[in-house]
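Asker: Need a 3D model of the sequence below.
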Amino acid sequence: MYTIGEFSKIGKVTTKMLRHYDKIGLIKPNYVNPENQYRFYGKSQIKDILTINKLKRFGFSLEEIKKVIENEKDRNEEELNKLIKKRIEEIKIEIKLNSSILFELKEIERKIMKGDDIMSIKRSFNISICQLEEFNILSIRDRIAVNEIGDLINKLFEKVYKNGLNPTGNVMTMYYDEDFDHDMTDLEVCVSVDREFKSEELSTKTFKGGLHVYTTFIGPYEEIGEAYAALMDWIKQNDYRIIGAPFDKYVKGPETKCNSSEYVTEVYFPIMKK
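Answerer: Alright, predicted model coming up:
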């Protein structure tokens, strides 16, 4: 048997973290002294702590690690394979993202070497007005960090296909906050679908359409503020006002395996004359 301090050295993890693992049921001590509450771990648990460390290095969350270990012990190969495949797909997306970041950094490096202004804004935008028609959408609204939008979109499509619906348009993200908060944003991801649907847990709703001003932005999402600024300036200059949540429509993105500089996003603001 090993004390918690000894097991901490073996597993290269703090005693505080071992207590947390115990609390969430990830790895519990083999024995707890009822008199002084000292924790003791067995030799067979060395494999478990080393497995946890490996899965953490692979980027699994503690909740996912718990599922992996439980499925491995239960010989549930199907569920275990699903978890592994899911992480493989996530890593592929991360690789694409990092490749895109590397490309952008090299472009910045090239500009620096040429003496160019790396912060200059050079894009120009064609701005148009359109009357959007009503259509059925399935959506999920949540308050999340902006970098979690992809996870919310995946959850949305799980619901679409689980309920036998077919997407009929591009994914859109609507933003409801007056003040933008990158780490906690009130947003709604939605996609048009081929029919109305209603169940106890979710149902389609109508996107009401109406008068919108829009433009097309080409480039990485973190620079899309240029398009927002251009639209806001146009709205002010042409005596309109914003009457609802703006939204982004993703025309071309990471799923196409292109560089982020080639992403195509349409940005819409619902408007009316003052």
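
Asker: switch to C-alpha atoms for all contacts and neighbour counts from now on
Answerer: Will do.

Asker: Mind listing what's buried along stretch 4-14?
Answerer: Applying a neighbour-count criterion of 16 or more other Cα atoms under 10 Å, one finds 4, 7-8, 11 buried in stretch 4-14.

Asker: and if you look at stretch 208-218?
Answerer: Buried residues in stretch 208-218 (16+ other Cα under 10 Å): 211-218.

Asker: same thing with stretch 243-254?
Answerer: 245-253.

Asker: Restricted to strands, list those residues.
Answerer: Per DSSP state E, strands hold the following members of these: 247-252.

Asker: Tabulate those residues (JSON lines), appending distance to residue 186.
Answerer: Listed next are those as JSON lines, based on distance: Cα to Cα, whole Å:
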{"residue": "247", "distance to residue 186": "12"}
{"residue": "248", "distance to residue 186": "14"}
{"residue": "249", "distance to residue 186": "17"}
{"residue": "250", "distance to residue 186": "18"}
{"residue": "251", "distance to residue 186": "22"}
{"residue": "252", "distance to residue 186": "23"}
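
Asker: wait, which of those residues is closest to residue 96?
Answerer: residue 252 (14.4 Å; Cα to Cα).

Asker: ok, the buried residues of stretch 243-254 vs residue 16, which is closest?
Answerer: Closest to residue 16 out of the buried residues of stretch 243-254 is residue 253 (41.6 Å), distances taken as Cα to Cα.

Asker: what residues are up against that closest one?
Answerer: Shown in contact with residue 253 (Cα atoms under 8 Å, 6 or more residues apart in numbering): 260, 262-264.

Asker: With pLDDT added, can I get the ones in strands among the buried residues of stretch 243-254 in CSV?
Answerer: Shown next, in CSV, are these (pLDDT from 0 to 100):
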residue, pLDDT
247, 95
248, 95
249, 95
250, 95
251, 94
252, 92
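
Asker: which helices and strands sit right next to the longest helix seen in the chain?
Answerer: Longest helix of the chain, by residue count under DSSP state H: helix 77-114. For helix 77-114, the packing partners by 3 or more Cα pairs under 8 Å, 6 or more residues apart in numbering; DSSP states H and E come out as helix 62-73.

Asker: Give the buried residues for the helix it packs on.
Answerer: Those buried within helix 62-73 under the rule 16+ other Cα under 10 Å are 64-69, 71.

Asker: got TSV for these, with distance to residue 187 and pLDDT too?
Answerer: TSV is the format used below for the buried residues of helix 62-73 (distance: Cα to Cα, whole Å; pLDDT from 0 to 100):
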residue	distance to residue 187	pLDDT
64	26	89
65	29	90
66	30	90
67	29	87
68	31	86
69	34	84
71	34	82
